[in-house]
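1. using only what follows, build the 3D model:
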Amino acid sequence: MSNPVLVEVTRGPRVESRHRGAIAVVEADGSRVAAIGDVDEAVFPRSAVKAIQALPLVESGAAEAYGFGAAELALACASHAGEPRHVETASAMLAAAGRTAADLECGTHMPTSSVAERALIRAGHPAGPLHNNCSGKHAGFICTACHLGLDPRGYVLPDHPVQRDVTAALADLTATPLGAENRGVDGCSIPTYAIPLDRLARAFARMATGEGLAPLRAAAAKRLLAACMAEPFMVAGTGRFCSDVMPLFPGRLFVKTGAEGVYCAAVPELGLGVAIKADDGGTRAAETAMAATIAALFPEAESVGGRFDRWLRRPILNRRGAETGVLRAGEGLVEALRAVQIGSAG
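-> Next up is the predicted model:
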């Protein structure tokens with residue numbers, strides 16, 4: 001059976017396109033608050049789990065040893081846009097460990113920020129690995145290795161000690177065996193593992209609550225989420241969903257994009273984790289579905305105004321700026337999620 005429609009795209013009065021997918025809202029003990037679509041299906045979370053992958057950076061003592069604050073920790077969890085502050089912070093993280101951009105093994109691409117991209121082109125500067133959206137995460141891996149007295153070379157490989165620690169943390173939080181049978185290679189060259197959607201949601205509920213985690217891990221999880229909520233710009237960048245939405249619910253919501261239509265979130269005050277997968281890999285669909293889920297979990301979202309509404313119901317404009325349709329949550333999605341949430345609370 002196919003997954004339900006989560007998001008619709010209209011042109012005029014008619015629906016032109018539909019995005020199907022699944023949403024899991026789960027408590028730390030694995031209880032499902034909401035399950036829309038096939039939440040047992042294993043998906044590659046990709047960058048959505050960077051906060052979990054950053055746990056060894058804090059647990060090892062590396063973050064403390066190098067004096068990292070909220071900005072550096074948020075960047076270690078980020079898919080950043082390559083804006084100047086992102087690049088400068090990643091460079092400073094490496095410098096703290098006596099390393100440079102030459103040690104990064106994430107590859108190079110132009111900044112995803114069009115403003116930053118144009119600035120590089122005008123200046124005649126080529127993009128480098130610091131502009132890679134994953135450079136903060138990779139800087140964290142290198143710093144962890146250096147603090148532990150390890151050679152960071154090859155830190156992207158599954159058998160490197162740092163990557164083994166990262167995989168162990170992900171396996172622990174998701175309660176899922178991770179090995180060659182469910183492993184792929186991510187865009188930044190580190191291992192990525194296919195994990196059932198509801199277990200990803202549970203992992204973020206555990207990050208939010210610390211339930212079932214060793215004290216050191218629970219404290220590290222709390223610190224990383226707090227850093228991201230305190231420095232949302234570092235998590236993504238100007239005009240990006242993660243950076244725009246978290247400040248609307250200060251200290252109450254962590255949200256992180258993945259790739260291919262995956263999004264994850266943690267809601268500390270409710271003890272919930274959320275994981276979303278758009279079947280077609282559409283980021284626009286996953287963002288809108290996440291906005292709908294947030295609207296269901298936070299009834300006051302309706303009073304936030306345009307800064308949130310623009311993600312829940314986005315106008316589609318043509319080349320002349322005229323509205324031709326909207327990108328919106330599927331009919332009844334918010335209400336269905338809210339009804340399940342209210343029912344579980346009772």
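2. alpha carbons only for contacts and neighbour counts from here, please
-> Fine.
3. I figured Thr100 hits Glu88, correct?
-> No - applying Cα atoms under 8 Å as the test, Thr100 and Glu88 come out as separate, 11.6 Å apart.
4. could you check which of the two has the larger neighbour count?
-> Thr100 (17 against 13; other Cα atoms under 10 Å).
5. leaving out chain neighbours, which residue sits closest to the more buried one?
-> Among residues not flanking Thr100 along the chain, Leu94 sits closest, at 5.5 Å (Cα to Cα, 6 or more residues apart in numbering).
6. so how far is Ala171 from the one you found?
-> Going from Leu94 to Ala171 by Cα to Cα, to the nearest Å gives 27 Å.
7. pLDDT weak spots in this protein?
-> 1, 340-346 (pLDDT under 70).
8. tell me where it has strands.
-> Secondary structure of the chain (DSSP state E): strands located at 5-11, 14-27, 32-36, 42-43, 183-185, 191-193, 195-196, 254-257, 262-267, 272-278, 313-317, 323-329.
9. residues near the residue nearest to Thr100, how many?
-> Leu94 - counted by other Cα under 10 Å - has 25 other residues nearby.
10. wait, what's in contact with it?
-> Neighbouring residues of Leu94 by Cα atoms under 8 Å, 6 or more residues apart in numbering: Thr100, Ala101, Ala139, Ile142, Cys143.
11. kindly report the same for Val166.
-> Applying Cα under 8 Å, 6+ apart, the residues contacting Val166 are Ile52, Gln53, Ala54, Leu55, Pro56.
12. narrow the contacts of Leu94 to those in helices?
-> Ala139, Ile142, Cys143 (DSSP state H).
13. if I look at the residue nearest to the second one when sequence neighbours are not counted, how far off is Val162?
-> Leaving aside its chain neighbours, Ile142 sits nearest to Pro152 (5.6 Å; criterion: Cα to Cα, 6+ apart). Counting by Cα to Cα, the gap between Pro152 and Val162 amounts to 8 Å.
14. what do you get for Glu231?
-> Using Cα to Cα, Glu231 is found at 25 Å from Val162.
15. those two: which is more packed in?
-> Val162 (26 against 21).
16. so who does the residue nearest the centre of the chain touch?
-> Compute the mean C-alpha point of the chain, and by Cα atoms, centre = their mean the closest residue is Lys256, 2.2 Å away. Residues near Lys256 by Cα under 8 Å, 6+ apart: Ser47, Ala48, Val49, Val235, Cys242, Tyr263, Cys264, Ala265.
17. so it bridges to which residues?
-> Counting by DSSP bridges, Lys256 forms beta bridges with Cys264.
18. any idea how far Leu148 is from it?
-> For Lys256, the distance to Leu148 - Cα to Cα - is 28 Å.
19. equivalent analysis for Val25, please.
-> Counting by Cα to Cα, the gap from Val25 to Leu148 is 36 Å.
20. more crowded one of these two?
-> The neighbour comparison of Val25 against Leu148 (other Cα under 10 Å) goes to Val25, with 33 against 15.
21. returning to that earlier point: could you double-check that the residue nearest to Ile142 sits in contact with Gly140?
-> No - at 10.8 Å, Pro152 does not count as touching Gly140 under the criterion of Cα under 8 Å.
22. the more surrounded of those two?
-> More neighbours surround Gly140 than the other of Pro152 and Gly140, with 28 against 21 (other Cα under 10 Å).
23. tell me the contacts of that one?
-> Gly140 touches Ala54, Leu57, Ala76, Met93, counting by Cα under 8 Å, 6+ apart.
24. okay, now the first one: neighbour count?
-> What it means is Ala54. 29.
25. what sits against Asp165?
-> Neighbours of Asp165 in contact, by Cα under 8 Å, 6+ apart: Pro56.
26. and stretch 13-32, what's buried?
-> 18-28, 30, 32 (16 or more other Cα atoms under 10 Å).
27. oops, could you answer that again for stretch 152-164 instead?
-> Using 16+ other Cα under 10 Å as the test for burial, stretch 152-164 gives Pro152, Gly154, Tyr155, Val156, Pro158, His160, Pro161, Val162, Gln163, Arg164.
28. what does that stretch rub up against?
-> Pro56, Asp103, Glu105, Phe141, Ile142, Thr144, Ala145, Cys146, Ser189, Ile190, Pro191.
29. quick check, Ile52 in contact with Ala168.
-> No - using Cα under 8 Å, Ile52 is not in contact with Ala168; the gap is 10.1 Å.
30. same drill for these two, tell me which one is more crowded.
-> Taking Ile52 and Ala168 together and counting by other Cα under 10 Å, Ile52 has the greater number of neighbours (26 against 17).
31. burial measure for the nearest residue to the more buried one once chain neighbours are set aside, as a count.
-> Closest residue to Ile52 apart from its sequence neighbours, by Cα to Cα, 6+ apart: Leu170 at 6.2 Å. The number of residues packed near Leu170 is 25, by other Cα under 10 Å.
32. tell me the spacing between Leu170 and Arg217.
-> Taken as Cα to Cα, the span from Leu170 to Arg217 is 12 Å.
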